[in-house]
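Participant: What follows is a predicted structure for the sequence shown.
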Amino acid sequence: MAGQPAAHGRRAQRLALRRDGPARGRGGRDRDRRGRGGRPQGGARQRFGGGASRTEVITQLDREGLLPAITFIFSRVGCEGAVGQLLGNDVRLISAAEGERNRRTLEERSAVLEGEDLTVLGYHQLLAGLERGYAPHHAGMLPIFREVVEELFTAGRVKAVFATETLALGINMPARTVVLEKLVKFNGEAHVEITPAEYTQLTGRAGRRGIDVEGHAVVVWSRGMDPLSVAGLASTRTYPLRSSFAPTYNMAVNLVATVGRQTAREILESSFAQFQADRAVVGLASKVRSQQESLEGYAEAMHCELGDFREYAQIRHRISDLEKSGRKQRSATRRAETAVSLDALETGDVIRIGGRRSGLAVVVIPARPYKGQSGEPMVLTEHKQVRRLTTSDLDGPVTPFGKLAVPRSFNPRSARHRTDLATTLRVKAPHEGAPSIRREAKEAAGGEDARLVRLRQELRAHPCHACPDREEHARWSERWWRLKREQSALQRTVDSRTGSVAARFDRVVSVLVDLGYLDEGGDAVSADGARLRRLYSEKDLLAAECLRAGTWKQLTPAELAAAVSMLVYEPRRDDADLMPRIPTDGLAIAWEDMQERWRDIEAREHTAGLDPTDPPDAGIAWQVHRWASGRRLDEVLLDSDLTAGDFVRRCKQIVDLLDQIAKASEEDRLRSTARKAIDAVMRGVVAADRID
């Protein structure tokens, strides 16, 4: 283990964990329960890249008097797994009497959850861990469970918490020691190293003011870890501050209604976000001027006595561009052939896909585009991944080489269904009789483009073509052209950043004027704009459009709750392309209308030069509809990867938006339905938990 200073009091460095025998707990208990050969009995001892196991880390810290400790694991599954590993090794960090007190506390707090399936909520493992002095803490837990863990840890009745980085933000849970298992985390797109600011934020939990003289930060050693990188993380004390501010539709109508468009624009021009953009422009403008001097030097170096070499170089570049466009056209033809082959795939066709995720795949939903749905076929790979297959995934037309029976009940969102079918695919898939992917299609024969022929003739006739130093001049010419392109791109960046926040506000206003939420000049709010002022959501404009169009007015309370979930839910990256499950015909009609209105908004945003609003997503509509219809939690989450904590959090967001809709709507029926939907969602475990 390597260690670095903590944030409170005096600082300490922990360089290694001693391994001089088993850790002994209170009352002389051997916490590792070592049997023959010194191996722990009754549980796995997971190691990380050759470093210490979680059991060894916690027991060593306990032996050295460095508990309570927070171990940061950048995975919810990892946090739960850590508690399971300590339970498997029968690790106990508190006395039996303290454990009984913890049991009573959790039982009292969770008494309101009677009737729910406690196994679904992760109650039993949490209770077992609390009785022994350790617990998980992550966003996938019920808020009421997280609050119990926070309270007991702060009171010293829990000695070890395994947490995701969300614990480091806005929660007062100081510890004597902070442990980092890794210095790499998944940011939603890729695995990246944590920044110095993140390291300081995490390790800042070490050191309890007024209790500990010093705090301790420990990094678990693993193969390939560079001690200098750890030292760099701990020693950096200046962190860049980046503004993420951007005007929204709701903000725009509220600003116009409150202070007027011109004053609102002036306010935005004085924002910190604009200050940062303007400050960056200073450096870019300086670079543009420096490049201009280099361009003049390159122009002098490529000067030719026989003629204008810049003109000659331009002809060469036009020839090169035409040759590239010809290759692109042939590539487009190949993509079209690939698209046709995708349309021909049927359910059960077995194919082989290439690229980074190469291997066998079976078609589970063919390419049958219809309104509101994607037209690409959906496949299940032998690695249990469900994905949309697009032309970009293939090098050429794809040909099935076998057939596999796909059960009619197959649900792509069910982990069990995916596992069963992927296993069948690996075991029963036929051997390939022919290549599934043709790497290259034959290039169409034919004559050269007439423009290319003419340009080549013009090139040979140019005076500079006969220059003995032509290629030397050409090398300087290439440098000139490359630098000119870079300078032009920099200048466009300078132009775009100057007044960028106010410019975005103007583009937002143009969309609102176009849709009638502001008057023609963008200086006054219409009746529709007044409705938009009451909607605070990531998809505020889409919600306002649905209200104006009456998209939801015929829905039942359960259907309305499910429809609103489509504006709240944000899918994980690997779930984004899964086919949604729509529980009723009425909701299916509303879903299609919501998508149609989103496409209209997206088109207007594209015209205005705005980043598109995220589309509505029906990923949890099925679960929300079942819950609002009175179903049990275990039934709602059956065949779903959604955790109970995530579901409760989404339900709270749905209730919040339903309340906004009830206040913004002018339809008595919709207002009544929205209030009934709130009551239908706010029951059981959702009503029992306070909002985060």
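Facilitator: Perfect, I can see it now. Here the structure is a predicted model, which is why all the values come from computation and not from measurement.

Participant: quick one: buried residues of stretch 308-321?
Facilitator: For stretch 308-321, a neighbour-count test (16 or more other Cβ atoms under 10 Å) marks 309-310, 312-313, 315-316, 319 as buried. C-beta here means a position set from N, CA and C on the backbone, and glycine is covered the same way.

Participant: ugh, wrong one, I meant stretch 672-687
Facilitator: In stretch 672-687, the ones that count as buried by 16+ other Cβ under 10 Å are 673-674, 676-678, 680-682, 684-686.

Participant: Give me the spatial nearest neighbour of residue 131, chain neighbours excluded.
Facilitator: residue 99 (3.8 Å; Cβ to Cβ, 6 or more residues apart in numbering).

Participant: Check residue 383 too.
Facilitator: Using Cβ to Cβ, 6+ apart and skipping residues adjacent in sequence, the residue nearest residue 383 is residue 359, 6.5 Å away.

Participant: phi, psi of the one you found?
Facilitator: Here is the backbone geometry of residue 359 (degrees, to the nearest 10): phi 140, psi -170.

Participant: Pull up the gap between it and residue 353, please.
Facilitator: Residue 359 is 7 Å from residue 353, where distance means Cβ to Cβ, to the nearest Å.

Participant: Touching both of those two, which residues are there?
Facilitator: Taking Cβ atoms under 8 Å, 6 or more residues apart in numbering as the contact rule, residue 359 and residue 353 both touch residue 381.

Participant: And the two? Which one has more around it.
Facilitator: The neighbour comparison of residue 359 against residue 353 (other Cβ atoms under 10 Å) goes to residue 353, with 19 against 14.

Participant: Can you pull out the low-pLDDT segments for the stretch 301-450 of the chain?
Facilitator: Within the stretch 301-450 of the chain, the segments meeting pLDDT under 70 span 325-333, 355-357, 368-375, 430-449.

Participant: All the helices of it, in order from the start?
Facilitator: For the stretch 301-450 of the chain, the helices defined by DSSP state H, counting those that start in this stretch occupy 309-343, 415-428, 450-461.

Participant: helices and strands around the last one, which ones?
Facilitator: Contacts defined by 3 or more Cβ pairs under 8 Å, 6 or more residues apart in numbering; DSSP states H and E place helix 450-461 against helix 309-343.

Participant: Remind me what the helix it packs on packs against, helices and strands.
Facilitator: In terms of contacts (3+ Cβ pairs under 8 Å, 6+ apart), helix 309-343 is packed against helix 450-461, helix 470-497.

Participant: avg pLDDT for the last one?
Facilitator: What that stands for is helix 470-497. Averaged across helix 470-497, pLDDT comes to 73.

Participant: From residue 324, how far off is the residue nearest to residue 311 when sequence neighbours are not counted?
Facilitator: Nearest residue to residue 311, sequence neighbours excluded (Cβ to Cβ, 6+ apart): residue 462, at 7.4 Å. Using Cβ to Cβ, one gets 21 Å for the distance from residue 462 to residue 324.

Participant: Neighbour count for the two, which is higher?
Facilitator: Ranked by neighbour count (other Cβ under 10 Å), residue 462 and residue 324 place residue 462 first, with 19 against 10.

Participant: Let me see the domain layout of the chain.
Facilitator: Domain segmentation of the chain under automatic domain parsing yields 2-235, 242-304+472-533, 344-428, 537-688.

Participant: of all those, which has the lowest average per-residue confidence?
Facilitator: Note on those: lowest mean pLDDT is at domain 2-235, with a mean of 71.

Participant: Now that residue 359 has come up, it's in contact with residue 380, right?
Facilitator: No: Residue 359 sits out of contact with residue 380 when judged by Cβ atoms under 8 Å, with a separation of 11.1 Å.

Participant: circling back to that earlier point, tell me which of the helices and strands packed on helix 309-343 sits most buried.
Facilitator: Burial of those is given as mean neighbour count (mean count of other Cβ atoms under 10 Å); helix 470-497 ranks first at a mean of 15.

Participant: for the stretch 51-200 of the chain, what spans make up the helices?
Facilitator: Counting by DSSP H, counting those that start in this stretch, the helices of the stretch 51-200 of the chain are 54-63, 76-88, 96-109, 123-132, 143-154, 196-203.

Participant: Now do the buried residues in the third one.
Facilitator: Residues of helix 96-109 classed as buried under the neighbour-count rule (16+ other Cβ under 10 Å) are 98-99, 101-102, 105-106.

Participant: what do you get for the fourth one?
Facilitator: Within helix 123-132, the residues that qualify as buried are 123, 126-132, counting by 16+ other Cβ under 10 Å.

Participant: again, but for the fifth one
Facilitator: Counting neighbours by 16+ other Cβ under 10 Å, one finds that the buried residues in helix 143-154 are 143-150, 152-154.
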